[in-house]
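**Q** Output the structure for:
(chains A, B and C)
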Amino acid sequence: MTKNSSNTMALAPSTANKRETICIFGTGDFGRALGQKLIQSGYPVVFGSRSTKTSSLIPRGAEVLSHAEAAQRAAIIIVAIQRQHYSFLTPLAEALQGKVLVDISNNLKLDQYPESNAQHLAQLLPAAKVVKAFNTVSAWALQSGTLDASRQVFVCGDDMEAKQMVMDLVRALGLTPLDQGSLLAAREIENYPLQLFPMWRFPIFLSLGLTIFFFLYCLALDIIYPYVYQKKDLSFLIAISIPNKVCPVLALVLLGLVYVPGVLAAILQLWRGTKYRRFPGWLDRWMLCRKQLGLVALAFASVHVLYTLVTPIRSYVKWRTSSQVVSQALSNTTEPLNTTNAWLSDSYLALGILGFFLFVLLGITSLPSVSNSVNWREFRFVQSKLGYLTLVLCTAHTLVYGGKWFLVPSSYKWYLPPIYMLSLIIPCAVLVVKFVLILPCLDKPLTQIRQGWERNPQYSE
Amino acid sequence: MTKNSSNTMALAPSTANKRETICIFGTGDFGRALGQKLIQSGYPVVFGSRSTKTSSLIPRGAEVLSHAEAAQRAAIIIVAIQRQHYSFLTPLAEALQGKVLVDISNNLKLDQYPESNAQHLAQLLPAAKVVKAFNTVSAWALQSGTLDASRQVFVCGDDMEAKQMVMDLVRALGLTPLDQGSLLAAREIENYPLQLFPMWRFPIFLSLGLTIFFFLYCLALDIIYPYVYQKKDLSFLIAISIPNKVCPVLALVLLGLVYVPGVLAAILQLWRGTKYRRFPGWLDRWMLCRKQLGLVALAFASVHVLYTLVTPIRSYVKWRTSSQVVSQALSNTTEPLNTTNAWLSDSYLALGILGFFLFVLLGITSLPSVSNSVNWREFRFVQSKLGYLTLVLCTAHTLVYGGKWFLVPSSYKWYLPPIYMLSLIIPCAVLVVKFVLILPCLDKPLTQIRQGWERNPQYSE
Amino acid sequence: MTKNSSNTMALAPSTANKRETICIFGTGDFGRALGQKLIQSGYPVVFGSRSTKTSSLIPRGAEVLSHAEAAQRAAIIIVAIQRQHYSFLTPLAEALQGKVLVDISNNLKLDQYPESNAQHLAQLLPAAKVVKAFNTVSAWALQSGTLDASRQVFVCGDDMEAKQMVMDLVRALGLTPLDQGSLLAAREIENYPLQLFPMWRFPIFLSLGLTIFFFLYCLALDIIYPYVYQKKDLSFLIAISIPNKVCPVLALVLLGLVYVPGVLAAILQLWRGTKYRRFPGWLDRWMLCRKQLGLVALAFASVHVLYTLVTPIRSYVKWRTSSQVVSQALSNTTEPLNTTNAWLSDSYLALGILGFFLFVLLGITSLPSVSNSVNWREFRFVQSKLGYLTLVLCTAHTLVYGGKWFLVPSSYKWYLPPIYMLSLIIPCAVLVVKFVLILPCLDKPLTQIRQGWERNPQYSE
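**A** Got it, this is the predicted structure:
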């Protein structure tokens, strides 16, 4: 299917093929997969290779030529070879003059080389137009057709026309090109496939650290303390009871931390009297990982719910219940219903259930496809209004649960407060400050500051 | 980066820049954010402003000129100023002749002005080509790069070529343009960012109303009745017991209401003998909010599940269980296992679990990204077949749960039926009518009517 | 709105309309819906019909002409008529010469005709350029604007230019065109809307078969055995107890089966010493439906969780608990806490909760919109690392739960092992083989084989 053959058949429409030939340098895994996909999409493909004998691995319909010959046939050349072999392209500089070279290479480590592979290629062949693309797509996905992970192809390059040609090619393969700007962006694009959840790193390390701290805290108070003073072996509490204290505490603390940066930003804006000064770097970063913090908090809350719901199935709890009942029966007493207890117990459960329900709702709206189908007003309504309601409910859940023990001295073992008191500090502080901030005397100037670009004539023209 | 500089460097491909200059009127928040983004995507940007001194807020690389000078440089002018300042553009009418003016403005209220901002602009400058775009994108999202909510940019305009140019610009910024037609659509596009879940309004108000009704109904029968006749204070039932009656009732009623319009439409089509007459407006609207109704029903069902699962942890339930056991022990009796009870209790739980499981499955398939990856046959199979199965299971769950009390006079306090009997009316009616409709004598003509366009020669040619 | 009118009005920009006229053959349901949508998007539309009188069903703004006249007006003709009526187009062959004919037809059955409708049309009219498109879109969705299911439009055709024109048209309607290659793909595209979850068929049939087998196995051991030997009627166990044994067993077996093909592939690659030979067909197919297998396993695990959590509410369980307590009270004994039991019971619950939590996490990351927003390294990390961790936790959960009964002869009724022992075979085998494969002496050559395309000079150039 060369251009010649398609020209002669132009009058027979069912076989006319006006797509331009694409050349691929390198017959490795990815080169062959891409060649296969290009042929399926109607592009004639020539491979440039050192040995020009067609192997069985080369996709059917593709030609294999020497590098120079292959380069002559096409305007776009996909460079599917390793960076360390780029140097052998320099003798071909003349054949590659003015051609669009698509660099698809990846590295094995973040920032492996001082300059990106694409920039390196552009320096070796200054007369060619280098475009970075396709490096985020996997060969296996191209071959099997299962593009489960990203259909997005990041594209960058200094020559607009060359970039446009490559973006059209990407679109023709059923993928979505995303223009990332000039070739300077190649470094970031090459690092992208090597990243492992960069936005999740801080929330996960933070919650790991807090988990360890709170776990040891509980261990001391719930297992070591009774062992020391009462010689009781309660080590089995490690499996469920202690995790079920640590999880809700972490969920509440992390949920509180989601709303801290917003409150800090508001205070900063009020104090500065303008929104046109950048926040400190740590605050910016904190604001950008709020979604991840919230989702980690939701994970802890979910585990807490499951841990709580299995309570009646636990062998220890069954034993405790039955021995209480047996001792009641043996002492021949029937306790009357304590209505206050019934109220308290039902209230904290109800608050917890509603809080968890809203929390899950927040989690669902943060799914990309859901958040993509709402407008900004709706998104902010859910994340801010519903978010604060969740925080209020969860804080109330903890307060009602533990409230009665605040003033009981025996709950302060080794003079340390119970863990749920610690968990209340951040959420309560956030809620108090937020409550102050929505007082009209502070809310009005803050709203004016935030709409500054709309009302302030020197900025909005 | 003016056009001149790029021309002189045309032979040095790595810096060639053939993108057209974009002009932005107004240096407010959104204007600057858009300018920054345009520069990142390789567009030269000039700002048109009253004061031409470059402030530190202007993105680096952009020029600031007077309005008239800036307009001369570019074919596309983005009007990032408030509607109330549009009038000052009229003196520039000559400079703006034939230019593409992109109106990006938003209002503060729905339908704030008699005509949309874009139409207003078009009337002020009849010689310019006005295109509405970008108003659904937030400045903060553009700056921070976190386009969590919508990447979709609604575009409309009367001039096809101008619209095409703007859509290409949108695409170059990594956003998705959606052509909404002529400038008449600007009104709807300007209202879009101000909307707050319009499709959810009816389902949420309906369920709020029903919740209040059923809550008061339960309050009367479960708390006021025993208080009046037995002087018992059962007010603590408000926290869990009563919500756990209201939630399943609402879930079942709303799930029934999801299937009512489909059944009504079928009856209407059968009666009319054609599908080519429009349904009444209320039926159309009802059909369009079935998804939202179903999801609200799922929310109530989920809360019901959580409320039910915490039952054994409730202090009241623990007290009731233990006092029963103690009294058994004291009276020295051991009850034998009642197999019928075991069967009934296990059956309604099993039916509820399976019904809830299918309900969650329906909810998952209504996520945009999931429903987007199935074809119409699969979508209809899930939403219709699995949906009816869910309704059958949930109705059976309620029937088995409450069945034994239907004929017991003591369950009719104040001659009112228990709440779950009320909840069964709509689902049972829907299921009976649906069962009648799938009888061959009715199903065959209905199928023929619905395939009318396929079989009826006067319509399908 | 013909081309003439737009030319004369070219100077009045607000009404200029440069979109090309589209012709639609056939005034059936889909033809009219598409016509309506095209008009909304600014395209002039003419309908070609046998009777040229405009009916009230024809969208406003469209003209109705004879076929020949209508065809003359447009370059693109949408053929919205049934395949069996295609023959009447042959007399129009001359008028259709060189035109782009868009075949939008669907069949009623998979592979209904020897060749696809589009190929049939192309044979009838060899001088026209046939493009297949739009067949996956529903008329109802076009009319109501609710494109819940797919916005994707598969397009194929032999003429590149014609295909490009149709793809632009698709894009202008706000839909996403996907180029599927030459007209040979029409067969698959026509089959697509008739498919019903083809990837799910094998996992669902497999799990159905296994469910029936394990259900009968449990029925024999738990109900028939006690009935035969102890004359006890335990039939009520069918509702919850037996399903709650079958569900976890199936979840574990299916989760094991997800990881079997990966392990087999690794063994095969090690044995062959190359990755460049295709796997047997069954292994390929198995690998492609791993996601579906995993999700079915998750469904069984979720039902198992719900079944387990309702345990304390079951009437049978309540009866069993209270009769144990009563008999304890009557015999005047108080059992001390068995710490080993408490440890075992808490451990298997904790393992199960954590395993289920990770399982749900895996399920969430397999949602299209979530998996689409991670890169390949992250996707593989979640699906492989977290997946194996889930398998380890769930296997450990089952081992700890049933471990103590392995050596008790009374658990082997009729010499058959309890069901959870059967469920452990596949997961344990997978974990053992996987453990062997990650030993350095095997892992190193395997990694080299898999990176063959990177290190082996004859392939990577």
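
**Q** Any regions of the stretch 1-150 of chain A where pLDDT drops low?
**A** Where the stretch 1-150 of chain A drops to pLDDT under 70, the residues are A:1-18, A:52-56, A:140, A:143-150.

**Q** where exactly do the helices run in it?
**A** A:3-8, A:29-40, A:67-73, A:117-124, A:139-144 (DSSP state H, counting those that start in this stretch).

**Q** which one is residue A:247 nearest to, not counting chain neighbours?
**A** residue A:304 (4.0 Å; CB to CB, 6 or more residues apart in numbering or on different chains). C-beta: built from backbone N, CA, C; applies to glycine.

**Q** hmm, back to that, specify the stretch among the helices of the stretch 1-150 of chain A that is closest to chain C.
**A** Minimum separation from chain C across the helices of the stretch 1-150 of chain A (CB to the nearest CB) falls at helix A:29-40, 3.4 Å.

**Q** Briefly note if the closest one comes near chain C.
**A** Yes. Contact of helix A:29-40 with chain C (CB under 8 Å from any CB of the partner chain) involves A:29, A:30, A:40.

**Q** any chance of the residues you listed in a markdown table, plus neighbour count?
**A** A markdown table is the format used below for the residues of helix A:29-40 next to chain C (neighbours: other CB atoms under 10 Å in any protein chain shown):
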| residue | neighbour count |
| --- | --- |
| A:29 | 24 |
| A:30 | 26 |
| A:40 | 19 |
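
**Q** Now do the longest strand belonging to chain A, average pLDDT.
**A** When chain A is parsed with DSSP state E, its longest strand is strand A:152-157. Strand A:152-157 comes out with an average pLDDT of 86.

**Q** Need the contact partners of it.
**A** With CB atoms under 8 Å, 6 or more residues apart in numbering or on different chains as the test, strand A:152-157 has contacts from A:118, A:129-137, A:163, A:166-167, A:170, A:175-186, A:189, A:192, C:372.

**Q** Neighbouring strands - and their directions - for that strand?
**A** strand A:129-132 (antiparallel), strand A:176-179 (parallel) (DSSP bridges).

**Q** What is the distance between that strand and the centre of its chain?
**A** Relative to the centre of its chain, strand A:152-157 is centred 20 Å away, using CA atoms, centre = their mean, to the nearest Å.

**Q** Count residues in the vicinity of residue A:392, would you?
**A** Residues near residue A:392, counting by other CB atoms under 10 Å in any protein chain shown, number 16.

**Q** Apologies, that question was intended for residue A:319.
**A** Neighbours of residue A:319 using other CB under 10 Å come to 18.

**Q** Please verify my assumption that it contacts residue C:337.
**A** Yes. Using CB atoms under 8 Å, residue A:319 is in contact with residue C:337, at 5.3 Å.

**Q** before we move on, back to that, the residue nearest to residue A:247 contacts residue A:240, doesn't it?
**A** No. Using CB under 8 Å, residue A:304 makes no contact with residue A:240, being 11.0 Å away.

**Q** Mutual contacts of the two, please.
**A** By CB under 8 Å, 6+ apart, no residue touches both residue A:304 and residue A:240.

**Q** which ones are touching the residue nearest to residue A:247?
**A** So residue A:304 contacts A:244, A:247, A:248, A:251 (CB under 8 Å, 6+ apart).

**Q** Could I get the pLDDT score of the third one?
**A** For residue A:248, the model assigns a pLDDT of 95.

**Q** so who does it touch?
**A** A:300, A:301, A:304, A:398, A:420, A:423.

**Q** Can you select the buried ones among the contacts of strand A:152-157 for me in PyMOL?
**A** Command for PyMOL, covering only those of the contacts of strand A:152-157 found buried under the criterion 16 or more other CB atoms under 10 Å in any protein chain shown:
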select buried, (chain A and resi 118+129+130+131+132+133+134+135+136+137+163+166+167+170+175+176+177+178+179+180+181+182+183+185+186+189+192) or (chain C and resi 372)
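
**Q** Could you list the contact residues of the stretch 101-250 of chain A toward chain B?
**A** So the stretch 101-250 of chain A meets chain B at A:122, A:126-130, A:158-162, A:178-179, A:181-183 (CB under 8 Å from any CB).

**Q** give me that answer again for 10 Å
**A** A:119, A:122-123, A:125-130, A:152, A:154, A:156-164, A:167, A:171, A:176-183, A:185, A:199 (CB under 10 Å from any CB of the partner chain).

**Q** Would you map the strands across the stretch 351-461 of chain A?
**A** For the stretch 351-461 of chain A, strands defined by DSSP state E, counting those that start in this stretch do not occur.

**Q** Go ahead and confirm residue A:449 touches residue A:267.
**A** No. With contact defined as CB atoms under 10 Å, residue A:449 does not count as touching residue A:267 (11.6 Å).

**Q** of the two, who's got more company?
**A** residue A:449 (18 against 15).

**Q** Quick check: pLDDT value at the more buried one.
**A** 79.

**Q** and the gap between it and chain C?
**A** The gap separating residue A:449 from chain C is 33 Å, by CB to the nearest CB, to the nearest Å.

**Q** Quick one: neighbours of residue A:198, just the number.
**A** 12.

**Q** Now do the contacts for it.
**A** Residues in contact with residue A:198 (CB atoms under 10 Å, 6 or more residues apart in numbering or on different chains) are A:110, A:191, A:192, A:289, C:378.

**Q** Put the buried members of the residues you listed into a ChimeraX selection.
**A** Remark: buried members of the contacts of residue A:198, expressed as a ChimeraX selection using 16+ other CB under 10 Å:
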select /A:191,192,289 /C:378
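
**Q** from the contacts of residue A:198, which is closest to chain B?
**A** Closest approach to chain B among the contacts of residue A:198 (CB to the nearest CB): residue A:289, at 10.3 Å.

**Q** Contact partners for that closest one?
**A** Residue A:289 neighbours (CB under 10 Å, 6+ apart): A:198, A:199, A:200, A:201, A:202, A:203, A:206, A:257, A:258, A:261, A:296.

**Q** Looks like residue A:97 contacts residue A:72 (just checking).
**A** No. Using CB under 10 Å, residue A:97 is not in contact with residue A:72; the gap is 11.2 Å.

**Q** and the gap between residue A:331 and chain C?
**A** On the measure of CB to the nearest CB, residue A:331 and chain C end up 11 Å apart.

**Q** likewise residue A:397?
**A** For residue A:397, the distance to chain C equals 20 Å [CB to the nearest CB].

**Q** Verify the contact between that residue and residue A:354 for me.
**A** Yes. At 8.5 Å, residue A:397 counts as touching residue A:354 under the criterion of CB under 10 Å.
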